[in-house]
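Novice: Quick one, fold the following:
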Amino acid sequence: MKEYRILIDTTDDKGLVYKISKILYEYNLNIEKNSEFVDDEEEKKFFMRTVVTGEFDQEKLILDIKSITPLNTSIKISDNSKKDIVLLATNESHVLGDLLIRYFDGELNANIKAVISNHDELRDLVEKFDLPFHHISADELSREDHEVQVKEVIDFYSPHLIVLAKYMRILTSSFVVTYPEKVLNIHHSFLPAFIGANPYKQAHHRGVKIIGATAHYVTDDLDEGPIISQDIVRVDHSYSWQEMRRDGRNVEKVVLANALQLLLEDRVFIHGNKTVIL
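Specialist: I've put the predicted structure just below:
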């Protein structure tokens, strides 16, 4: 029987879990998993993710749940079908290659529709997986004109998510607002301490003891969108900057894959400039 995920974001109110569960029972739906969170400190926000099985009229269910919840209630229902994604890359292969292998092995509940890159170096890698590769050079184009061409390709595939797999270009506001809450990025967690060329050399020079990575939604504030996943590894004085880069890249791969998995499973709620993971 098909599974559905019901995502509810609203103001907290007395008895919400009971009231919502009662409606699901009346629809003869079986609750397979349920989790909820209440943010008592700020806006008294209530978040609930429920996995159900059964057949039902989605529009009617949404109306019935809204009838017993506060006026600002947001309800999304999705099934566990594979989501379409498009990957954007530049010329670093470690993150992209990891996602492609996970996809090939069936670890991602997704359809990778295409890879778009502003360089051509990764074409052979992508085509080994029988996926479309679109090289859109940024040479002799303004940032805006380049993005127009990138957006044309993205819109052709109409993906649920856009994943920046080390896409080393700053996106304009126009691009970001076109795909709200749909763009996932990965970067080393040295930001903003080590910006620019070769952050691992900078970190080595500074003598850091921890390196890591952060996966986050892309917003108009550079590298400051809601964080979805993070991780670290410990290093010491014996590490060369090349060894730091090796371990840092390993963390980047895992963190991005974990964040993407959370999004594919509809487990991420945006709450202001942070996330709630259920």
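Novice: so how many other residues sit close to residue 89?
Specialist: 26 (other Cβ atoms under 10 Å). Placement of C-beta: from N, CA and C, glycine included.
Novice: Ok, residue 207 next?
Specialist: Residue 207 has 10 nearby residues by other Cβ under 10 Å.
Novice: Leaving out the residues flanking it, which one is nearest to it?
Specialist: residue 237 (6.8 Å; Cβ to Cβ, 6 or more residues apart in numbering).
Novice: And for residue 232?
Specialist: Excluding its sequence neighbours, the residue lying closest to residue 232 (Cβ to Cβ, 6+ apart) is residue 212, at 3.5 Å.
Novice: what about that neighbour, distance to residue 33?
Specialist: According to Cβ to Cβ, to the nearest Å, residue 212 stands 30 Å off from residue 33.
Novice: Settle it for me: which of these two has more neighbours?
Specialist: For the pair residue 212 and residue 33, the greater number of neighbours falls to residue 212 (18 against 11), based on other Cβ under 10 Å.
Novice: Helix or strand for the more buried one, just tell me which one.
Specialist: strand 210-217 (DSSP states H and E).
Novice: what's the answer for residue 262, then?
Specialist: Short version, using DSSP H and E: residue 262 is in helix 241-264.
Novice: Point out the other helices and strands that that helix packs with.
Specialist: strand 83-89, helix 94-104, strand 161-164, strand 183-188, helix 199-206, strand 210-217, strand 227-234 (3 or more Cβ pairs under 8 Å, 6 or more residues apart in numbering; DSSP states H and E).
Novice: For those, which has the smallest mean pLDDT value?
Specialist: Lowest mean pLDDT of those: helix 199-206, a mean of 84.
Novice: which stretches of the stretch 101-250 of the chain have low pLDDT?
Specialist: Residues of the stretch 101-250 of the chain that meet the criterion pLDDT under 70 lie in 190-192, 195-197.
Novice: re earlier: list phi and psi for the residue nearest to residue 207.
Specialist: phi -60, psi -20 (degrees, to the nearest 10).
Novice: now residue 70
Specialist: phi -60, psi 160.
Novice: Give me the number of neighbouring residues for the nearest residue to residue 273 once chain neighbours are set aside.
Specialist: Residue nearest to residue 273 in three dimensions, not counting chain neighbours: residue 226, with 5.6 Å by Cβ to Cβ, 6+ apart. Residues within reach of residue 226, counting by other Cβ under 10 Å, total 18.
Novice: Over to residue 238?
Specialist: Close neighbours of residue 238, defined as other Cβ under 10 Å, add up to 6.
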